[in-house]
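Novice: Below: sequence and its predicted model.
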Amino acid sequence: MDVYDNNTFHGKDNFPRKILSQLLGSNGPVHAVTYSASPGTYILTGSADRSIRLYNPIPAPPSSSATTTTTSSISFITKPSQTPSVTPPQGRLIQTYTSHGYEVLSLSISSSNATFASSGGDRAVFLWDVSTATTIRRFSNQGHTTGRINSVIFAGVDDSLLISGGHDTTVRIWDVRSQSSSRPVQVLGEAKDGITSLAVSPGGGAGAGAGAEVLAGSVDGRVRTYDVRMGRLVTDVFPGAVTSLCLARDGKTVLVGSLDSKIRLMDRSNGQCLRTYGGDGNANGDAAGGWTNKEIRVQSVLGGGERWVVAGDENGAENSNGEGRVWAWDLLTGKLVAKLGVPWGPGGGKVVVGRDGKEKERKNVISCVAWRDGGFGNQFCVGGTSGVVTVYGEA
């Protein structure tokens, strides 16, 4: 069994291993997590129960009669197994947003924090007012024709555009400011399979304007970079279906996750792979092997001021409880920095019994990850099949 105490292995990396809180309320797996715009005070989550929830991850101050407890995460690297002795405190639910008719798969918050966008199984992009918890617009006219919308992201000056990518293999660009039409202003249809992930780069250097380049990851194993204004397309090919994109703040590199159990840091200027993480180990021979991703979309992000690569896990921990895992590597060396356990949350996960009357194997798959302040904060959160979002920070 794995361990929930990692106080002895902080070393010099200062990776945030302490569980600050858990965010409860979802009645199904959590598919999307994101922080509010800088300084990232709040967390927004999207769930299979068709709801979106806004949380303050900092627990309420304890009453005079209450006892404060803290929990440190599992370390698979440094300590023998033991059972967690305390329950993580709970973050505060602020608001619930309910207009989706199907599961919520992607979220994007505007830079003003006044609005956010969501997408999922509805074949529509929803634009929300944060304070009133109502939808301002629904972008569906001449929209995605089949299946789910896997990714949505704000772009353009003052977040004037929304970009969506879906199962129908298209990327669609929507004008948020236009009140006369809900049709996409542009459709990018070069992909041969579903779009899984999106990123937006300023592109073109200083003064070129925001959102000049759109990056789209697809199940066909391509990352396509569209220079929207110049009408130029650059395609990078990968060995497996692309499931995750995370652009560095300066736009010069991009982190690409794919279903060949590898995460790659790519130089956008020439398409060169600068470093590989996960799989069976790295070229420098360190013991970073063991992370695999072959079946489902698992998100990977840059964190800690872009010092680390952080990813979820489709397999769960190596114990009988099937708890989740988070992996972290040093960005420059590729060395494994941390492998943290993610507890199920209150109740320890639901027991599923098959038709034969036997309990089925259960796994807390960690599929979504977000780092505070665009990767430059001191906190991150993860979500998955347990329906509980776990927030990590510095001890």
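Specialist: Sure, I can see it. Please read all numbers here as calculations on a predicted model, not as lab measurements.
Novice: end-to-end on stretch 179-188?
Specialist: Distance across stretch 179-188, first residue to last, is 22 Å (C-alpha to C-alpha, to the nearest Å).
Novice: Give me the buried stretch members for it, please.
Specialist: By 16 or more other C-beta atoms under 10 Å, the buried positions in stretch 179-188 come out as 182, 184, 188. For glycine as for every other residue, the C-beta is placed from the backbone atoms N, C-alpha and C.
Novice: what's the first one in contact with, if anything?
Specialist: Contact analysis of residue 182 by C-beta atoms under 8 Å, 6 or more residues apart in numbering lists 137-141, 174.
Novice: pLDDT check: weakest of those residues?
Specialist: Lowest-confidence member of those: residue 141, scoring 69 (pLDDT).
Novice: Buried ones among the contacts of residue 182?
Specialist: 137, 139-140, 174.
Novice: Show me the residues you listed that map onto strands.
Specialist: 137, 139, 174 (DSSP state E).
Novice: my guess is the last one contacts residue 125, does it?
Specialist: Put plainly, it is residue 174. Yes: using C-beta atoms under 8 Å, residue 174 is in contact with residue 125, at 6.4 Å.
Novice: Need the overlap of contacts for these two.
Specialist: Joint contacts of residue 174 and residue 125 (C-beta under 8 Å, 6+ apart) are 139, 162, 164.
Novice: got the residues you listed as JSON lines, with distance to residue 375 columns?
Specialist: Listed next are these as JSON lines, based on distance: C-beta to C-beta, whole Å:
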{"residue": "139", "distance to residue 375": "28"}
{"residue": "162", "distance to residue 375": "22"}
{"residue": "164", "distance to residue 375": "23"}
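Novice: ok so, going back, same list (the buried residues of stretch 179-188) but as JSON lines, adding secondary structure and pLDDT.
Specialist: Listed next are the buried residues of stretch 179-188 as JSON lines, based on DSSP: H, G, I helix; E, B strand; the rest coil; pLDDT from 0 to 100:
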{"residue": "182", "secondary structure": "coil", "pLDDT": "72"}
{"residue": "184", "secondary structure": "coil", "pLDDT": "90"}
{"residue": "188", "secondary structure": "strand", "pLDDT": "94"}
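Novice: what about the spatially closest residue to residue 313 that is not a sequence neighbour, distance to residue 231?
Specialist: Once flanking residues are discounted, residue 313 sits nearest to residue 325: 4.0 Å by C-beta to C-beta, 6 or more residues apart in numbering. Distance of residue 325 to residue 231, computed by C-beta to C-beta, to the nearest Å: 43 Å.
Novice: of these two, who's got more company?
Specialist: residue 325 (28 against 7; other C-beta atoms under 10 Å).
Novice: Quick check: that one is in a strand.
Specialist: Yes: judged by DSSP: H, G, I helix; E, B strand; the rest coil, residue 325 forms part of a strand.
Novice: Quote the end-to-end distance of stretch 315-332.
Specialist: 26 Å.
Novice: buried sites along that stretch?
Specialist: Across stretch 315-332, burial judged by 16+ other C-beta under 10 Å covers 315-317, 321-331.
Novice: right, and the pair among those with maximum separation?
Specialist: Greatest spacing in those, by C-beta to C-beta: 321 and 331 (31.1 Å).
Novice: what sits up against stretch 265-277?
Specialist: 201, 223, 225, 234, 236, 251-256, 262-264, 282-283, 288, 291, 300, 309, 311, 329, 331-332, 334.
Novice: What subset of those residues is buried?
Specialist: 201, 223, 225, 236, 251, 253-256, 262-264, 282, 288, 291, 300, 309, 311, 329, 331, 334.
Novice: ok so, going back, and the ones in strands among the buried ones among the contacts of residue 182 as JSON lines, adding distance to residue 377?
Specialist: Shown next, in JSON lines, are those (distance: C-beta to C-beta, whole Å):
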{"residue": "137", "distance to residue 377": "30"}
{"residue": "139", "distance to residue 377": "30"}
{"residue": "174", "distance to residue 377": "29"}
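Novice: got the contact list for residue 328?
Specialist: Taking C-beta under 8 Å, 6+ apart, one finds 15, 303, 308-311, 336-340 in contact with residue 328.
Novice: what's the burial count for the residue nearest to residue 366 when sequence neighbours are not counted?
Specialist: Distances taken as C-beta to C-beta, 6+ apart place residue 312 nearest to residue 366, at 3.5 Å, with adjacent residues excluded. Applying the criterion other C-beta under 10 Å, we find 27 residues in the vicinity of residue 312.
Novice: can you give me the helices in the chain?
Specialist: 372-375 (DSSP state H).
Novice: so where's it shaky on pLDDT?
Specialist: Across the chain, the ranges flagged by pLDDT under 70 are 1-12, 63-85, 141, 180-181, 203-211, 279-289, 317-320, 347-361, 395.
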